[in-house]
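Trainee: here is my input; please provide its structure:
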Amino acid sequence: MSAVLRRWAVWVLAVAAGAVGVAAVPAADPSAASLSTRVGELIDGPDYRHATWGILVADAKTGETVFARNPDAMFAPASVTKLFTCAAALVALGPDRTFETAVYQRGLRLGGALRGDLILVASGDLTFGGRTTKDGRTAFRDHDHTYANSGLMDSELTDTDPLAGVEALARQVKEAGITRIDGEVLVDDRLFARSRGSGTGPDVISPVVVNDNVIDVTVTPAEEAGKPAAVTTRPETAFYQVDALVNTSAEDTTPDVQVLAVGPNQFAVRGRIPKGHKPAVRVYPVDEPALFARAVFVEALRRNGVQANAAVVRPGTINLPDKSAYEKLRKVASFTSPPLKDAITVTLKVSHNLYASTLPCLIAAANGQTTAEAGLREEGKILKELGVDTDAVSFGGGAGGAPSDHVTPRATVQLLQGMAKRPEWEAYRSALPVLGVDGTLADAVKPESPARGKVSAKTGTLIWADVANNRFLLRSKALAGVLTTKAGRTLYFAAFVNNVPVPKDTGATREGKALGRLCEVLYEYGP
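Mentor: Numbers count the residues shown, from 1 in each chain. Presented below is the predicted three-dimensional model:
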């Protein structure tokens with residue numbers, strides 16, 4: 001083909017791309033034309049004839065648009081919403097912000113006996129020591145336990161003590177000289193109003209969080225088919241009762257383990273697990289986080305040599321002092337959280353719905369307010385200061401599962417551009433899952449992918465049951481973050497696909513791989 005014909009062909013491609021909403025490519029840039037072609041091959045197939053794509057890719061240094069498809073249309077972002085939530089929290093509170101959970105005594109001390117009450121005041125500590133390893137790191141698993149009941153069998157537990165926070169407080173109470181409590185043990189959870197989050201996993205939003213407010217259930221098959229599987233729980237506490245009966249099935253059977261609520265603080269574990277299968281993790285979400293925390297604190301006090309006469313399974317008398325009264329009470333123990341950036345890392349790496357839903361409440365509390373709605377309004381102000389077009393975003397919660405959660409690709413890229421100018425950028429970027437390496441992107445590409453390790457981005461998945469057609473409707477599959485191309489240039493990108501009918505046996509897997517492939521294309525053919 002002559003040079004003239006080649007230029008004409010590139011021009012036709014650019015015009016055709018513009019006609020369907022793809023950013024026109026300059027005729028003098030054949031590499032850009034190649035990028036448009038490659039992306040089009042991914043997103044214009046028959047699988048997406050009922051779906052809508054929204055993509056914006058911009059050069060991080062110049063702001064120049066590299067590729068665009070419907071960049072100003074609003075899309076359901078699913079858990080990409082957490083990019084906005086975590087950015088607002090880092091700006092409002094600071095990456096190094098810590099949270100102190102304090103314990104106060106109320107009443108008279110006669111030797112080691114407290115003739116009064118012990119009060120634990122919740123601070124909004126998201127991890128409460130339950131994710132801290134022996135060397136002081138904050139741990140997470142790529143497949144987090146809060147998603148264990150979603151039907152998958154790959155969730156794992158961290159090798160940490162879920163009761164580390166309450167154990168530390170109990171030891172300090174004993175060291176303060178208290179050996180017996182004749183009154184009550186109370187938990188003050190008035191930092192902000194209780195609410196419900198959105199998304200998979202525990203959804204009761206509370207300022208006290210122990211083990212993500214779940215009971216972990218681990219089911220291990222017996223060595224022989226037909227024998228009962230071993231069922232263990234953590235943390236172990238008298239606060240709940242469990243009735244477990246799981247059968248070990250033949251090796252070629254499909255695992256099926258269910259946790260069923262049967263009453264207040266009572267649940268059953270039923271199903272089957274194949275011989276030779278790795279232990280399966282399930283969770284029981286706690287309905288009353290404050291009562292759960294109180295129970296395990298009472299038990300921790302007893303383990304550490306403090307005779308706490310309060311009943312574990314009976315709620316303490318609600319007789320909390322005025323908040324201002326704590327200044328006059330003696331503090332006998334305190335536990336300080338890891339820095340907020342550690343909790344943000346867990347939130348973004350594993351897409352932790354509970355933490356993300358709680359962050360607006362913490363923003364509200366920092367501004368003297370008490371509701372998630374107040375925190376979301378503060379978030380809107382922060383986003384505007386970051387340069388985000390707030391007319392192009394809509395949020396009903398922090399996790400991404402609210403029906404009103406919608407954003408445009410351009411607003412998402414604006415968020416990344418704004419955060420990159422902030423001192424919180426390093427903490428923010430390092431908290432994102434890395435393509436092919438960890439978090440929710442660990443399995444998105446093959447180990448030999450050239451883009452592996454070159455993309456830091458937040459994933460999003462929102463899927464509904466289409467009962468009439470015995471399939472799923474993938475309401476949203478999304479990815480947004482930072483990418484370094486083969487040529488060494490940094491790109492900010494946001495990609496959403498909404499409303500994709502998918503078979504039950506594949507779910508969102510196909511679209512997850514498609515977004516991984518999109519990253520590979522941007523890496524290979526980007527500027």
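Trainee: which parts of this structure are helices?
Mentor: 3-19, 30-43, 81-93, 164-175, 289-303, 340-350, 353-366, 372-385, 409-420, 425-430, 509-525 (DSSP state H).
Trainee: distance to residue 64 and mean neighbour count added to those helices, as CSV?
Mentor: Where you see a C-beta, it was placed from the backbone N, CA and C, and this is true even at glycine. As requested, those are arranged in CSV below (distance: least, CB to CB, whole Å; neighbours: other CB atoms under 10 Å):
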stretch, distance to residue 64, mean neighbour count
helix 3-19, 16, 14
helix 30-43, 11, 18
helix 81-93, 22, 26
helix 164-175, 48, 21
helix 289-303, 48, 23
helix 340-350, 27, 25
helix 353-366, 32, 26
helix 372-385, 23, 19
helix 409-420, 12, 23
helix 425-430, 20, 18
helix 509-525, 14, 21
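Trainee: adding distance to residue 443 and mean pLDDT, write the ones you listed out as JSON lines.
Mentor: What follows is these, written out as JSON lines (distance: least, CB to CB, whole Å; pLDDT from 0 to 100):
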{"stretch": "helix 3-19", "distance to residue 443": "31", "mean pLDDT": "31"}
{"stretch": "helix 30-43", "distance to residue 443": "19", "mean pLDDT": "83"}
{"stretch": "helix 81-93", "distance to residue 443": "19", "mean pLDDT": "98"}
{"stretch": "helix 164-175", "distance to residue 443": "30", "mean pLDDT": "98"}
{"stretch": "helix 289-303", "distance to residue 443": "32", "mean pLDDT": "97"}
{"stretch": "helix 340-350", "distance to residue 443": "13", "mean pLDDT": "98"}
{"stretch": "helix 353-366", "distance to residue 443": "20", "mean pLDDT": "98"}
{"stretch": "helix 372-385", "distance to residue 443": "31", "mean pLDDT": "98"}
{"stretch": "helix 409-420", "distance to residue 443": "23", "mean pLDDT": "98"}
{"stretch": "helix 425-430", "distance to residue 443": "20", "mean pLDDT": "98"}
{"stretch": "helix 509-525", "distance to residue 443": "8", "mean pLDDT": "93"}
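Trainee: bridging residues for residue 258?
Mentor: As for beta bridges, residue 258 partners with residue 270 under DSSP bridges.
Trainee: surely it and residue 267 touch.
Mentor: No: taking contacts as CB atoms under 8 Å, residue 258 lies outside contact range of residue 267: 9.9 Å.
Trainee: of those two, who's got more company?
Mentor: When residue 258 and residue 267 are compared for neighbours, residue 267 comes out ahead with 21 against 12, by other CB atoms under 10 Å.
Trainee: with distance to residue 330 added, can I get the helices of the chain in JSON lines?
Mentor: Conversion of the helices of the chain to JSON lines gives the following (distance: least, CB to CB, whole Å):
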{"stretch": "helix 3-19", "distance to residue 330": "71"}
{"stretch": "helix 30-43", "distance to residue 330": "63"}
{"stretch": "helix 81-93", "distance to residue 330": "28"}
{"stretch": "helix 164-175", "distance to residue 330": "11"}
{"stretch": "helix 289-303", "distance to residue 330": "17"}
{"stretch": "helix 340-350", "distance to residue 330": "28"}
{"stretch": "helix 353-366", "distance to residue 330": "24"}
{"stretch": "helix 372-385", "distance to residue 330": "32"}
{"stretch": "helix 409-420", "distance to residue 330": "42"}
{"stretch": "helix 425-430", "distance to residue 330": "36"}
{"stretch": "helix 509-525", "distance to residue 330": "54"}
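Trainee: closest one to residue 75 among these?
Mentor: In this view, the helices of the chain are compared for proximity to residue 75 by CB to CB, and helix 409-420 is the closest at 7.3 Å.
Trainee: show me what that closest one is packed up against.
Mentor: Using 3 or more CB pairs under 8 Å, 6 or more residues apart in numbering; DSSP states H and E as the contact test, the elements touching helix 409-420 are strand 52-59, helix 81-93, strand 471-484, strand 490-502.
Trainee: at 6 Å instead, please
Mentor: The contact analysis (3 or more CB pairs under 6 Å, 6 or more residues apart in numbering; DSSP states H and E) places helix 409-420 against strand 52-59, strand 490-502.
Trainee: show me what the mean pLDDT comes to for the longest one.
Mentor: Put plainly, it is strand 490-502. Mean per-residue pLDDT for strand 490-502: 97.
Trainee: ok, residues contacting it?
Mentor: Residues outside strand 490-502 that contact it (CB atoms under 6 Å, 6 or more residues apart in numbering): 51-58, 60, 75-76, 409, 412-413, 416, 471-474, 476-480, 483-484, 518, 526.
Trainee: count the neighbours of the spatially closest residue to residue 155 that is not a sequence neighbour for me.
Mentor: In space, residue 155 comes closest to residue 148 once its chain neighbours are excluded; the distance is 3.9 Å by CB to CB, 6 or more residues apart in numbering. By the other CB under 10 Å criterion, the neighbourhood of residue 148 contains 27 residues.
Trainee: check residue 249 too.
Mentor: By other CB under 10 Å, the residues close to residue 249 number 20.
Trainee: give the contact list for the closest residue to it other than its chain neighbours.
Mentor: In space, and not counting its chain neighbours, residue 249 is closest to residue 272: 4.2 Å by CB to CB, 6+ apart. Each residue near residue 272 by CB under 6 Å, 6+ apart is listed here: 247, 249, 256.
Trainee: the same query, at a cut-off of 8 Å, please.
Mentor: By CB atoms under 8 Å, 6 or more residues apart in numbering, the contact list for residue 272 reads 229, 246-249, 253, 255-257.
Trainee: what does residue 471 give?
Mentor: 501-504.
Trainee: do that again at 10 Å, thanks
Mentor: Contact criterion CB atoms under 10 Å, 6 or more residues apart in numbering gives 465, 501-507 as the residues in contact with residue 471.
Trainee: just so I have it, where are all the strands in the stretch 101-250 of the chain?
Mentor: Using DSSP state E, counting those that start in this stretch, the strands of the stretch 101-250 of the chain run over residues 113-121, 180-181, 185-188, 195-196, 204-205, 214-220, 230-234, 241-249.
Trainee: surely residue 290 touches residue 188?
Mentor: Yes: applying CB atoms under 10 Å as the test, residue 290 and residue 188 come out as touching, 8.4 Å apart.
Trainee: touching, residue 136 and residue 160? I think so.
Mentor: No: contact status for residue 136 versus residue 160: not in contact, 11.1 Å apart, counting by CB under 10 Å.
Trainee: returning to what we had before: and for residue 258 and residue 267, which residues touch both?
Mentor: With contacts defined as CB under 10 Å, 6+ apart, the residues shared by residue 258 and residue 267 are residue 282.
Trainee: ok, now which ones touch residue 210?
Mentor: By CB under 10 Å, 6+ apart, the residues touching residue 210 are 125, 127-130, 162-166, 235, 237, 286, 289-290, 292-297.
Trainee: nearest to residue 40, out of the strands of the stretch 101-250 of the chain?
Mentor: Each of the strands of the stretch 101-250 of the chain was checked against residue 40 via CB to CB, and the shortest separation belongs to strand 195-196, namely 41.2 Å.
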